[in-house]
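Chemist: Mind folding the following:
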Amino acid sequence: MDAADQSIESGRGTSPYSTKEKVGRLLWCIVQATAFRCSFHNWYGVRRAVLGLFGARLHPSARVRASVRIECPWNLSIGADSAIGDRANLYCLGPITIGARVTISQQAHLCAGSHDYRSRLMPLLRPPITVGDDAWIAADAFVGPNVTIGEGALLGARAVALKGIPPWSIALGNPAQVVKSRPRPV
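Modeler: Predicted structure coming up:
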C-alpha cells in the first residue's frame, strides 16, 4: 500500500460530524419521525416550535407541512409568509436560507451538501443555498449546492438548478436555463 492509499485508509473512519451534530441528528430523526410527522396538517405553529427547539430560524408566519423532510434543521432559515410543500426535501448539511413569500412546492429538493470529487477521500462539502424573496421552486425541482435562486425567480417543475438563477426570471429544464423574465406581481 503506497502513501496515498494509506492516507485514504486512515481518513475513511473519520466522521465529518462532531459529536454534538451526531447527537442532534439522532434526536431530530426521532422527533421528525414522530411528533413532527404525526402533527395535524394545519399545526404550523407546533412544527415551527419543534424546529426552533433544534435551532431552525423560522418567521412566525412560515408554513412547513408535516411530510417535509429536513436534515440538520439548525442550518435552516425561513422568512415571512413562506411555505414548504408536502414531501419537499431540505437537505441542510450546509445553510439553507429561504426568503420571504417563497413557495417551495411538493417534492422539491434543496441539497446543500456534496463531496469533493477531486480528492480520493471525497470529503463532505457543505455549501449554502439561498432562495430570494418572492421566489418559487416548483414541484419536483432540484436546487444543488452553492446555488442562489434570485429574488422573484421561478424554477419550473422538475427543473434542475446547478448554478444561480437570476432575479425575476423563469428557468426550466435540466440543467435549468432561463427562458424568459417573470413579471413582478402587483
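Chemist: what does the lengthiest helix in the chain contact?
Modeler: The longest helix of the chain (DSSP state H) is helix 19-31. Residues from elsewhere that reach helix 19-31 (CB atoms under 8 Å, 6 or more residues apart in numbering): 15, 17, 50, 54-55, 70-74. All C-beta atoms are positioned from the backbone trio N, CA, C, and that covers glycine.
Chemist: now the chain, which segments are flagged as low pLDDT?
Modeler: When residues are selected by pLDDT under 70, those of the chain lie in 1-13.
Chemist: For it, which segments count as helices?
Modeler: 3-12, 19-31, 44-53.
Chemist: quick check: angle from the second one to helix 44-53?
Modeler: Same thing as helix 19-31. 160 degrees (axes from the mean of the first three to the mean of the last three CA atoms, to 10 degrees).
Chemist: Which positions within helix 19-31 qualify as buried?
Modeler: Of all the residues in helix 19-31, those buried under the rule 16 or more other CB atoms under 10 Å are 24-25, 28, 31.
Chemist: Which one of the residues you listed is nearest to residue 84?
Modeler: Nearest to residue 84 among these: residue 28, at 16.0 Å, using CB to CB.
Chemist: so what's residue 163 up against?
Modeler: 147, 175.
Chemist: same check, this time on residue 36
Modeler: Taking CB under 8 Å, 6+ apart as the test, what residue 36 contacts is 47, 50-51, 66.
Chemist: neighbours around the closest residue to residue 167 other than its chain neighbours, how many?
Modeler: Leaving aside its chain neighbours, residue 167 sits nearest to residue 150 (3.4 Å; criterion: CB to CB, 6 or more residues apart in numbering). By other CB atoms under 10 Å, 19 other residues sit near residue 150.
Chemist: For beta bridges, what are the partners of the residue lying closest to residue 147 once chain neighbours are set aside?
Modeler: Among residues not flanking residue 147 along the chain, residue 161 sits closest, at 5.2 Å (CB to CB, 6+ apart). With DSSP bridges applied, residue 161 shows beta-bridge pairing to residue 143.
Chemist: from the chain's centre, how far out does stretch 177-185 sit?
Modeler: Relative to the chain's own centre, stretch 177-185 is displaced by 23 Å; criterion: CA atoms, centre = their mean, to the nearest Å.
Chemist: should've said stretch 156-176
Modeler: 16 Å.
Chemist: pull the CA atoms of it into CSV?
Modeler: Provided in CSV are the C-alpha atoms of stretch 156-176 (Å, rounded to 0.1, in the frame of the first residue of the first chain):
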residue,chain,number,x,y,z
GLY,A,156,-40.1,25.3,-13.1
ALA,A,157,-41.4,21.8,-12.3
ARG,A,158,-38.7,19.1,-12.4
ALA,A,159,-36.1,21.7,-13.4
VAL,A,160,-32.5,21.2,-12.1
ALA,A,161,-30.6,24.3,-10.9
LEU,A,162,-26.9,23.6,-10.7
LYS,A,163,-26.0,27.3,-10.9
GLY,A,164,-27.6,30.5,-9.9
ILE,A,165,-30.9,31.7,-11.4
PRO,A,166,-31.1,35.5,-11.9
PRO,A,167,-33.8,37.6,-10.1
TRP,A,168,-37.2,37.8,-11.7
SER,A,169,-36.5,35.1,-14.3
ILE,A,170,-38.1,31.8,-15.2
ALA,A,171,-35.8,28.8,-15.6
LEU,A,172,-36.8,25.4,-16.9
GLY,A,173,-35.2,22.1,-17.8
ASN,A,174,-32.2,20.0,-16.9
PRO,A,175,-29.9,21.8,-16.5
ALA,A,176,-32.2,24.8,-15.8
